[in-house]
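[1] below is the structure, and that's it, no one-letter string:
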């Protein structure tokens, strides 16, 4: 009789079995448990905030000039070896192309999931100093350890030199990038006024 009752219970409740030795109930999994996948931000195109930040800090130059770091530059911070003039429309296209190039490398240097604002702050940073410098920086190390580490802001601030001297424009840019990274928004950024060495 008891065997019949046990058989009925197993039929009616296939996922619960009574262990006779310790009277503990446990569930038998029907399928292997799956780990929840972390949703990672996938960057597709620059936000208006990112474009505004870069445009404001780079300024627009229709003609090629030598930047404080000694690089031939044109448009919105585009490095070039060709002496020419560009329109704002062409400069914008060049900016998008440059950001796309950075975006193809940057994800491979990161080990943690980032928000859109965090990622775009790093895009602006790498656009300015180069992915090579970011790769060997303490900034990258801290982000890969803990993206929310408050010390990250101070690491942004360290990258304020151009041509071996501290530049007010870079001090402000690093502050704005850190603000974007941690707060996801930016204060109004005024286009900097600086003298260019025309080529």
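    Arrived safely, thanks for sending. If you're wondering where the values come from, they're calculated on a predicted model, not measured in any experiment.

[2] helices along this protein, start to end?
    Here the chain has its helices, by DSSP state H, at 2-12, 48-58, 88-105, 116-129, 131-135, 138-145, 152-158, 168-183.

[3] out of those, which is the most enclosed?
    helix 116-129 (a mean of 23; mean count of other C-beta atoms under 10 Å). Yep, even glycine has a C-beta here, placed from its N, CA and C like the rest.

[4] so where's the chain shaky on pLDDT?
    Along the chain, the model assigns pLDDT under 70 to residues 1-42, 185-199.

[5] switch to 90 and redo it
    Within the chain, the stretches with pLDDT under 90 are 1-45, 67-71, 80-84, 162-164, 184-199.

[6] check it for its longest strand and report it.
    strand 61-66 (DSSP state E).

[7] how close does residue 50 get to residue 72?
    Going from residue 50 to residue 72 by C-beta to C-beta, to the nearest Å gives 24 Å.

[8] can I get the helices of the chain in a markdown table including distance to residue 79?
    Formatted as a markdown table, the helices of the chain follow (distance: least, C-beta to C-beta, whole Å):
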| stretch | distance to residue 79 |
| --- | --- |
| helix 2-12 | 73 |
| helix 48-58 | 11 |
| helix 88-105 | 8 |
| helix 116-129 | 10 |
| helix 131-135 | 13 |
| helix 138-145 | 21 |
| helix 152-158 | 22 |
| helix 168-183 | 16 |
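
[9] check which residues of the longest strand of the chain are buried.
    By neighbour count with 16 or more other C-beta atoms under 10 Å, strand 61-66 contains the buried residues 61, 64, 65.

[10] out of those, the closest to residue 178 would be?
    Nearest to residue 178 out of these is residue 61 (C-beta to C-beta; 25.8 Å).

[11] isn't the closest one up against residue 73?
    Yes: if you go by C-beta atoms under 8 Å, residue 61 and residue 73 touch, sitting 7.0 Å apart.

[12] distance between stretch 91-107 and the chain's centre?
    The chain centroid and the centroid of stretch 91-107 are separated by 13 Å, computed with C-alpha atoms, centre = their mean, to the nearest Å.

[13] do the same with stretch 125-138
    Offset of stretch 125-138 from its chain centre (C-alpha atoms, centre = their mean): 12 Å.

[14] what's the first-to-last distance across it?
    Counting by C-alpha to C-alpha, to the nearest Å, you get 13 Å between the two ends of stretch 125-138.

[15] what do you get for stretch 103-110?
    One end of stretch 103-110 to the other measures 11 Å (C-alpha to C-alpha).

[16] next: stretch 62-72.
    Stretch 62-72 has an end-to-end distance of 13 Å (criterion: C-alpha to C-alpha).

[17] residues contacting it, please?
    Stretch 62-72 is contacted by residues 73-75, 77, 79-88, 91, 162-163, 165, 167, 196-199 when judged by C-beta atoms under 8 Å, 6 or more residues apart in numbering.
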